[in-house]
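>>> I would like the atomic coordinates for the input below:
(chains A, B and C)
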Amino acid sequence: MASTNIPAPGVATREFRMPSLGTDMEYGTVVAWHATPGAALKHGDVIAEIQTEKGVFELECPMDGVIERIVVERGTRVRVGTVLALLRAPGPSAPPEALPAAVRASPAARRMAQDRGISLSHVQGTGPNGVVTLADVLREIANAEAAAAPAPATGAAAMRQAVAATVSKSKREIPHYYLATDIDLGAALTWLQAENTKRPVTERILPAAILVRAVAVALRRFPDLNGIWKDGGFQRSDAIHVGVAISLRTGGLLAPAIHDADRTPLRELMVALQDLVQRARNGGLRGSEMTDATITITNLGDAGAHTVFGVIFPPQVALVGFGQVTERAWADHGGLVVRPVVTATLSGDHRVTDGHYGALFLGEIARLLASPEAL
Amino acid sequence: MTYREAVREAIRKALRADPRAFLMGEDVGRYGGCYAVSQGLLDEFGPERIRDTPLSEAAFVGAGIGAALGGMRPIVEVMTVNFSLLALDQVVNNAATLLHMSGGQCHVPLVIRMATGAGRQVAAQHSHNFDGWYAHVPGLTVLAPATIEDAHGMLLAAMHHPDPVILFEHVLLYASEGQLPDGADAVSITSAVVRRGGSDITLIAWGGMLARTLAAADQLQAAGISAEVVDVRVLRPLDDETITTSVRRTHRALIVDEEWRSGSLSAEIATRIAEHAFYDLDAPVGRVCSAEVPMPYPRHLEQAALPQADTIAAAARAIVGR
Amino acid sequence: MTTVPATPATTPAVPDAAHARDLLRDMLRIRRFEERCAELYQAEKIRGFLHLYIGEEAVATGVMRALTPDDSVVATYREHGHALVRGVPARAIMAEMFGKATGCSGGRGGSMHLFDTARRFYGGNAIVGGGLPLAVGLALADRMLGRRSVTACFFGDGAVAEGTFHESLNLASLWGLPVLFCCENNLYAMGTALVRAQAQVDFTTKAAGYRIAAHAVDGMDVDQVAAASRDAVATVRAGDGPMLLEFRTYRFRAHSMFDPELYRTREEVDAWKARCPITTYEARLRAAGVIDDAAKATLEAEVGREVEDAVAFAESSPWESVDTLTRHVYSEPEPGHAT
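Numbers count the residues shown, from 1 in each chain, chains lettered A, B, ... in the order given. Below you'll find the model as predicted:
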């Protein structure tokens, strides 16, 4: 077989589409491209940012390769599934005639176009030698605004709408069952305190992290709680990506995932948790973080709730809730002692698991937290 | 009142106001000044204060510096910028430098006036414009009054300046006429001024080029182009803010400079526009300068070498694209 | 050639003892100060150009004696001695040579640009001939303001070839201005011998061309310099217009520090060194009984202390902050500066 350097036409290209970051997401707006056609990208590199009702998310490149062509310019709102760009494997580029010619535009026109998300390649230049001028861009903006559909809801209202759609779908489709158990955190907190005295203040581990860790490790032995409901059946996930419910200061809720939480050491888990909260509140979450969770944890301890019975985040099949850690009277070997106690709950999808399975899972969490050094 | 009368009036006021002030230069006394600026002043102030000098540019410019060091307020008239080259050492190495190299001790409150520019068919040795050369030198303040009011007011302001000031009076302006407002006094010697408002392009000019740039703006108006005209008037230190503000509004700039293009002040202004307003530009910065040739004598060649209203307007239209 | 300078009739046969010791002390101050400068240059404490005056001390010493504090001095880039005997503190001069903030020009000038307006010392001018027009202007200001001051303007034989020499002499004479032109003729303009640079080496005739009275003076004899200067300053101050004194002198050191002296012979230098203004004057004073070994030792000790104090001061002085780099390009508003 003769080798050739010429790639087979069409074979190497791959369509990069507007992803669904949630069942409630219908549209997204490309707000930035982080790569230009021809620039080399690695799998996982941030390629673009999109705006959804839930905020701005970063999209990662699904392969090693280059952008062949950008199809949807920055500033354009498109339906989920729309092709945003064509990617191709690394190697010789496509024939040059396939690339768009460089646009001649003035600095002022370029800055205005960039600020307003206008693609200069679509703008008719009327300056000397056909240069695109500021006036040309302003005309294009006016035309685009005149043609634009009524603006969708934005900000807090849009977020509320999105949350409403998600929880409605969950309660409509998922038959929830609920379990609760009280867990003695005495050993876990004592161990944490000892650990933290060895660390600078900025590197201290909070109880929330050890709870996430315990859930993730427990899931290894309870795989039917870890996965998604899809096409009428349960799909178990080998990876354990724990979604963390984060309430936003502006109202609303996000549950981005910590990938491979069961394989992430505690101190890294703490860093990941803080990073996730910060990015959820300031923007900068990635698309994969919004779609990859296989279970969700909600922790309302800070809010003072004793017990939380949460709504499962579809298409997941389970949600673990933690309330406030409080000192409570605790029977111990026939005596009464005061222990720090947290109430852990499980919201389970009865299509996939039963209460018995769920109860054993909560028991496993309690067992793991009794031996924190093993976490 | 003519431009030369406005300068004369300012000299008269300065000499009346301050006994330390005096005028010296070639033919400023009995002759009345090569450009008749100082006519009549000898009679009023006498030969000590309206002081004719020999043709010794280095010596009398240097003596002006020395007199300023000694507590006087000299106005030195160098007949033309062409001859100022003979005194360039004194201007650059002494007037502009003494304050710094004495650690702030030697103030040189000296005003040097000189005629500049081309347009009178006096050929290659009498048609120079070295605005940019002088504007290059730290320590100097360089002024180019283009109007009657500035000719009068900038000289008065210069007389109150603690450091050396170069005043360029364009030969074509001396006979220009205008009104000096009642109570006219010193004007700013730190800021440029917008002489005409406009929205499509900023025309930047000074001194002898201002009038023809305003004429070009009239032509552009007829063609439907609204040109703003900035009179730079302070060549050092340049008023970046006025220039930048205008260009940010019009997004286009054309500099009109009577100097040869290479290394001229127009190059400095264009660079500053690029530094301060690049992303506001809707077209490359343009320049209309003199042809790079020693000034020829015949009128048609001389005029062809110089920026004219027509060439300014044409350059502006090419930038605006209509 | 030039006429032999007549010994001024006013020179006393036996020197006034205090006056003579002062002259010797000032010459020694210059000599010891500059010898130390040469060491400090080699130690890289002083940089740039360093033009030593060694051998020519009698000229500045003698002329300065004739001036009052109201008179002005314009000097050249070989001006350490002039500044020193004009009264600029040795500390401020040395600090300036170091480039320190406490220097007499704030460290901005260095060896070639010593300024002290309080002592009416206007540089420190390093363009040959560039200082002469300034001197004319200073004198013009004095005249117009009714001050009876004299401006002493020092320049070398090299400056005589510059246009400003001729323009300035003409202007000063034309306007009858009180300038004493002091030509320090050390026979070389850098490395070019006078006879190879000028068609007429008799400077008094050049002055005569501008109707300026001129005398040639033995610049190696401080008594003659002092006497000639005293008479000339009196004449100029009286309003009789400018005068020119040509001081015939010789620099013993190189033009500046990095000069292999290919243009003159060792024999010539040695012949002039035999006429050293300090050793010859000291011998004269010893012969007249004005000083003895003990007095000389005391003098040397005093001068040595002054020089070492100046070095210590310069060494310990602060540098100007780089933040002030662009200061003094334009005047700063300050109370008392008339605008």
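>>> which residues of chain C fall in helices?
Taking DSSP state H to define them, one finds helices in chain C at C:17-42, C:57-65, C:80-86, C:90-98, C:131-144, C:163-174, C:194-197, C:203-208, C:222-237, C:266-273, C:277-287, C:293-316.
>>> what's the mean pLDDT across the fourth one?
In this model, helix C:90-98 has a mean pLDDT of 98.
>>> which residues does the closest residue to B:Phe278 other than its chain neighbours contact?
Leaving aside its chain neighbours, B:Phe278 sits nearest to A:Pro107 (5.3 Å; criterion: CB to CB, 6 or more residues apart in numbering or on different chains). (Glycine included, C-beta is placed from N, CA and C.) Contact analysis of A:Pro107 by CB atoms under 8 Å, 6 or more residues apart in numbering or on different chains lists B:Phe278, B:Tyr279, B:Asp280, B:Leu281, B:Asp282.
>>> out of the residues you listed, who's the most crowded?
Among the contacts of A:Pro107, B:Asp282 has the most neighbours (other CB atoms under 10 Å in any protein chain shown), with 28 neighbours.
>>> next one: that one from A:Asp136, what distance?
Here B:Asp282 is placed at a distance of 10 Å from A:Asp136 (CB to CB, to the nearest Å).
>>> and for these two, which residues touch both?
Taking CB under 8 Å, 6+ apart as the criterion, B:Asp282 and A:Asp136 both touch A:Ala109, A:Gly127.
>>> chain center to the strand ranked longest in chain A: distance?
Longest strand in chain A by number of residues (criterion: DSSP state E): strand A:335-349. Relative to its parent chain, strand A:335-349 has a centroid offset of 29 Å by CA atoms, centre = their mean, to the nearest Å.
>>> show me what that strand packs onto, helices and strands only.
strand A:176-184, helix A:186-197, strand A:318-322, strand A:326-332, helix A:355-370 (3 or more CB pairs under 8 Å, 6 or more residues apart in numbering or on different chains; DSSP states H and E).
>>> stretch B:12-23 near chain C anywhere?
Yes: counting by CB under 8 Å from any CB of the partner chain, chain C has neighbours in stretch B:12-23: B:Arg20, B:Phe22.
>>> same question for that stretch: list its buried residues.
B:Arg12, B:Lys13, B:Ala14, B:Leu15, B:Arg20, B:Ala21, B:Phe22, B:Leu23 (16 or more other CB atoms under 10 Å in any protein chain shown).
>>> where does the second one land in three-state SS?
The reference is to B:Lys13. helix (DSSP: H, G, I helix; E, B strand; the rest coil).
>>> that one reaches B:Leu156, doesn't it?
Yes: with contact defined as CB atoms under 8 Å, B:Lys13 counts as touching B:Leu156 (6.3 Å).
>>> distance check, A:Lys198 against A:Gly28.
For A:Lys198, the distance to A:Gly28 (CB to CB) stands at 45 Å.
>>> now do C:Gly289
110 Å.
>>> likewise for B:Arg299?
70 Å.
>>> contact partners for the residue lying closest to C:Leu67 once chain neighbours are set aside?
Nearest non-adjacent residue to C:Leu67, counting by CB to CB, 6+ apart: C:Ala152, 6.0 Å away. Neighbour list for C:Ala152: C:Val63, C:Leu67, C:Asp71, C:Ser72, C:Val73, C:Val74, C:Ala135, C:Val179, C:Leu180, C:Cys182, C:Val233 [criterion: CB under 8 Å, 6+ apart].
>>> of those, closest to chain A?
C:Val74 (53.9 Å; CB to the nearest CB).
>>> can you list the buried residues of stretch B:12-23 in CSV and add distance to B:Arg252 and pLDDT?
As requested, the buried residues of stretch B:12-23 are exported to CSV (distance: CB to CB, whole Å; pLDDT from 0 to 100):
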residue, distance to B:Arg252, pLDDT
B:Arg12, 43, 98
B:Lys13, 41, 98
B:Ala14, 40, 98
B:Leu15, 45, 98
B:Arg20, 47, 98
B:Ala21, 44, 98
B:Phe22, 47, 98
B:Leu23, 43, 98
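>>> contacting chain A as well, which ones from those residues?
Applying CB under 8 Å from any CB to these, none is adjacent to chain A.
>>> sorry, back to before: looking at A:Lys198 and A:Gly28, which has the bigger crowd around it?
A:Gly28 (28 against 8).
>>> sorry, back to before: next one, pLDDT for the residue nearest to B:Phe278 please.
pLDDT, A:Pro107: 93.
>>> can you pull the contacts of the closest residue in space to C:Arg148 that isn't next to it in sequence?
Excluding the flanking residues, the one nearest C:Arg148 by CB to CB, 6+ apart is C:Arg237, at 6.0 Å. Residues in contact with C:Arg237 (CB under 8 Å, 6+ apart) are C:Arg148, C:Ser149, C:Val150, C:Pro178.
>>> from C:Met243, how far out is the first one?
Spelled out, it's C:Arg148. According to CB to CB, C:Arg148 and C:Met243 sit 16 Å apart.
>>> what of the second one?
When distance is defined by CB to CB, C:Ser149 is 15 Å away from C:Met243.
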